[in-house]
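J.: Sequence first, then the predicted structure:
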Amino acid sequence: MTSWGLSADNYGSYRSSPSGGKKDVAKKPGEKTLTIPGIVIARKADQGFLGLELVDFKYKLTFYDSEKKATPADYSRALFRWSKINGSGSERYMLSTGSESSVLTSPRNVKPPHNFRLFIVLLDDDPETEAETYVVMFRP
């Protein structure tokens, strides 16, 4: 008979800790923990983060610095592409800056269901600026 290493004696050693394996980080009194709403995407080369949300059925892409504070967008546009769930082909939306300088928004509503692989390309008007690309599983 094969022993898999789990018995009544050592079963407890395989359980995760109550903290989920995360280290407790000491916070200063009165300091708030900043959180990024939506799907968090770590940017390349330590440039911060992107926060991807679906607000009123429209995409909202917010730029954050490394300290998770909203920062003006480095790119003027973003191309989003995904395969249609209810049909053939793919959908493409070009996001652009709106009233907030740190946010890119989509011009049209995104039809449900919202469960697909999303391809993101960040573009700038300057041809010298290199585009950034990301692929995320979109499940808001």
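T.: Good, I have the coordinates. Residues are numbered from 1 along each chain as shown.
J.: how much space between Asp46 and Tyr75?
T.: 17 Å (Cβ to Cβ, to the nearest Å). All C-beta spots, glycine's among them, are computed from the backbone N, C-alpha and C.
J.: ok, the two, which is more surrounded?
T.: Tyr75 (19 against 7; other Cβ atoms under 10 Å).
J.: And what about that one, helix, strand or coil?
T.: coil (DSSP: H, G, I helix; E, B strand; the rest coil).
J.: how far away is it from Glu53?
T.: 17 Å.
J.: go on, Arg117?
T.: From Arg117 over to Glu53 (counting by Cβ to Cβ), the distance is 17 Å.
J.: model confidence over stretch 53-71, on average?
T.: Stretch 53-71 shows a mean pLDDT of 94.
J.: Glu100 - how many residues pack around it?
T.: 14.
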